[in-house]
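J.: Got a predicted structure here, sequence first:
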Amino acid sequence: MISLLAFYTLASRESKAEDVANCPTYSTVADSYRSLPNIIWSCLTTILLCTWVSLHPNVPKPVDETKLSKRERYAHKLRTFLKDQALPFVLLLVAPEWVLMWALRQRLVVEYLVRNKQAPTRRHGFFIIMGGFHKFSKVEVLAPSDPATSDPATSDPATSDPVPSDPLIGSDVEKMPTDKKSEDEHGEPNHPLDRFDVCRLVDDGRLQLPLEVEIDDKSKSDWIAKSLVLLQTLWFVVQCGARKMDHLPLTELEVVTLGYALLNFFVYVIWWDKPQKVARPIRVFCGELPERNEEQWEFMWSMEEDDWFEKLFYPLVGMQDNFADLRSLKQTPTFYSGNPPEKKWPIESMPLELFALVVTSVIGGVFGAIHLIAWSSPFPTHKMLVLWRWGSILMAAAPIPTLFFCITLLFWEFLEGVDNNFLKAIQYLIIIPLVVLSIILTFLIVPLVYVAGRVITLTIAFQTLSSLPPESFQSVQWTNLFPHI
C-alpha cells in the first residue's frame, strides 16, 4: 500500500511538471500581444519623427550674436526656433498638404533654374531661393584714436593714411566717427537676395557661387537621424502590411499614421536636394544692385497695395510669394518658395502655379484614399463607421473639383486664341459659368469639405482607442525582429 501511494505521488508530480513546462511563458505572451500604450507610442513617434526629419526650413535672419547679451542671445535663438522651425513643424502636422504645395513650388522653381542654366545643380537652386545669399553693407571699423596722434595741432595731414576705398562697395561704406566702433564688424545686413538678383550678380561677375560641398557643409542634415527615421517608418509600414496579411485589424490611428508617412515621404523626396536647417546665409558685399526687373516691381507694388482679400486668399492656395519683395524685407519669409515664374512649365499648356495645385490635390486625394483601408474595420458604433467612411470619401474625392477647374481653365485659354463666333458664344455662355463654378468648388467648398473630413477621421481615430477589439492587441511576432522605437 505504501509503495502504491509513493508511485501515485511521483506520477502526479511528473504530470504537473509537464503541464507547467507546456504553459506559455511571459516572454511568449508579451511577443504575441501589444498594449494600448505601445500602439499609441509607435504611431506618435512615427508621425513626429517623419515630420521633423522631412522639414527643411528657409534661412533665418542673420544676427550678430556677439553684440548681444547672454539673455538676448537665448531670446533670439528661441524666437528663431519658434518662427522658422516650430511653426512649419506644427503646420506640417496640422496641414501637411499646404506644406507639400510649398515644397513642390520650391522644387519647380529649382527645376526651372537648372533647366535655364541659372543654377548649376538643384542644391544650388534651393540654396538661392531659400535665402542663402544676403546683401551686406561694409562698415569701416576704426580703432580708438590715440590722443597723441589725434591732436589737430600735432597731426600732419600729408603723412596721415587715408581710409582705403573699395570700388565694389561704393556708397555703402559708412564713415564711422572717431572713438566709435561699427554696429557690426562683419558688415550691416540689408536684405536677402532673390533669384533675380543672384543670377544677375553671377552673370556680371560680382558674385561667385559656392561649391556644392561648401553648401553641404552648411547643412545640418544628420544621416544617423535620417537612418533611424527610415527604419522606424519602414518597420511601421511592414507591420501594418503584415497585420493585413494575417487578417488582423488595424487601428484607425495606425491608418492615419500611414497617411502621414506617405505625405512626409513625398515632402522629403521633393526637398531631397535642399540643404537642411542652414543657420546663416552667405554675406554678399556687392554695392548697388541692378535696377529692378518687371517682376520685382510687381512684387513691390503688391506689397504696397492694401488689398486684404488677395493677401488673405493667396496664402491659402500657396501663392504667398506674390507679396514678397525681398529687397523690402530683412529676411526670407518662412514660407517663401522663390516666386515661381509665370511661364507654362513643366507642361507647356499649364501654368506652373496650376500644375503645383493639381499635383498637391492628387497627393492629398491619395492621402484620403488611404483612410479607406479601414472601410470594413470594426468600430464601436455604426455611427462612427458611417462618419469614418464619409470622411474618407470626402478627402479622397478632393482632387475631382481641382481637375475640373484645370480642364475648364485650359479650355478657356484654348478658346481665347480661336477666332470663331460659334466657339466664342460657347466660351461666354458655357465656359465662363463653368469656370466660376469650378473656382467656387476648388477654393471655397473643397477646402472646407476636406478639413471636415480630416477633423472627422482624426477625432474618430482617437475615440476608438477606448474600445478596440481584442484582435487589435494581437501582434505579428516576426515584425518585432525589425529594429524600431
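T.: Yep, it's here.
J.: where does P340 land in three-state SS?
T.: Here P340 is recorded as coil under DSSP: H, G, I helix; E, B strand; the rest coil.
J.: Contact partners for it?
T.: Contact analysis of P340 by CB atoms under 8 Å, 6 or more residues apart in numbering lists 105, 108-109, 112, 321, 352-353, 356. Using the backbone N, CA and C atoms, a C-beta is placed for each residue, glycine as well.
J.: try it again with 10 Å
T.: 104-106, 108-109, 112, 129, 318-319, 321-322, 351-353, 355-356 (CB atoms under 10 Å, 6 or more residues apart in numbering).
J.: and the residues you listed, which two are the farthest apart?
T.: The largest separation in these, counting by CB to CB, is between I129 and P351 at 18.4 Å.
J.: Comparing these two, which shows the higher neighbour count?
T.: Applying other CB atoms under 10 Å to I129 and P351 shows that I129 carries more neighbours, namely 26 against 19.
J.: Got the phi and psi for the more buried one?
T.: phi -80, psi -10 (degrees, to the nearest 10).
J.: what's the closest non-adjacent residue to it?
T.: G338 (3.2 Å; CB to CB, 6 or more residues apart in numbering).
J.: Flag the shaky bits of this protein, pLDDT-wise.
T.: Within the chain, the ranges that satisfy pLDDT under 70 run 1-31, 140-186, 222, 306-313, 316-318, 342-350, 417, 478-485.
J.: now the strands: where do they sit in it?
T.: Taking DSSP state E to define them, one finds strands in the chain at 133-137, 188-192, 282-284.
J.: just checking, what packs against the first one?
T.: Using 3 or more CB pairs under 10 Å, 6 or more residues apart in numbering; DSSP states H and E as the contact criterion, the elements in contact with strand 133-137 are strand 188-192, helix 195-203, strand 282-284.
J.: what does the shortest one give?
T.: Counting contacts by 3+ CB pairs under 10 Å, 6+ apart, the secondary-structure elements packed against strand 282-284 are strand 133-137, strand 188-192, helix 195-203, helix 212-218.
J.: Could you list the paired strands of it along with their orientation?
T.: strand 133-137 (parallel) (DSSP bridges).
J.: Test my guess that P62 contacts H76.
T.: No. With contacts counted by CB atoms under 10 Å, P62 stays clear of H76, the gap being 11.1 Å.
J.: Run the chain-centre distance for stretch 124-131.
T.: With CA atoms, centre = their mean, to the nearest Å as the basis, stretch 124-131 stands 15 Å off its chain's centre.
J.: re the thing from before, is the residue nearest to I129 in contact with A103, as I believe?
T.: No. Look at G338 against A103 with CB under 10 Å: they stay out of range, at 11.4 Å.
J.: Tell me, how many residues neighbour the residue lying closest to T80 once chain neighbours are set aside?
T.: Distance criterion CB to CB, 6+ apart; nearest residue to T80, sequence neighbours excluded, is P60 at 4.8 Å. Per other CB under 10 Å, the neighbour tally for P60 reads 23.
J.: And P60, how far from F126?
T.: Taking CB to CB, to the nearest Å as the measure, P60 falls 16 Å from F126.
J.: T334 too?
T.: 15 Å.
J.: ditto for S467
T.: On the measure of CB to CB, S467 and F126 end up 47 Å apart.
J.: Between the two, which has more neighbouring residues?
T.: Higher neighbour count among S467 and F126: F126, with 26 against 11, using other CB under 10 Å.
J.: Leaving out sequence neighbours, find the closest residue to that one.
T.: K274 (4.0 Å).
J.: Contact partners for the one you found?
T.: Contact partners of K274, counting by CB under 10 Å, 6+ apart, are 56-58, 103, 106-107, 110, 122-123, 125-127, 129-130, 219, 221, 268.
J.: now swap in A95 and tell me
T.: Residues near A95 by CB under 10 Å, 6+ apart: 101, 447, 450-451, 454.
J.: Just give the number of residues close to S227.
T.: 10.
J.: one step back: need phi/psi at the residue nearest to F126.
T.: phi -90, psi 130.
J.: that older thread, between P62 and H76, tell me which one has more neighbours.
T.: Using other CB under 10 Å as the criterion, P62 and H76 rank with P62 on top: 21 against 15.
J.: ok, V386 - contacts?
T.: Applying CB under 10 Å, 6+ apart, the residues near V386 are F379.
J.: before we move on, back to that, tell me which of the helices and strands packed on strand 282-284 sits nearest to L326.
T.: Once these are compared by CB to CB, strand 188-192 is nearest, at 4.8 Å.
J.: And the helices in the stretch 51-200 of the chain?
T.: For the stretch 51-200 of the chain, the helices defined by DSSP state H, counting those that start in this stretch cover 70-81, 87-94, 96-115, 122-129, 147-150, 195-203.
J.: between these, which one is nearest to F285?
T.: Among the helices of the stretch 51-200 of the chain, helix 195-203 sits nearest to F285 (CB to CB), with 11.0 Å.
J.: neighbouring contacts of stretch 402-419?
T.: Defining contact as CB under 10 Å, 6+ apart, one finds that stretch 402-419 is touched by 344, 347, 349-351, 354-355, 357-362, 364-365, 399, 423-424, 426-428, 430-443, 446.
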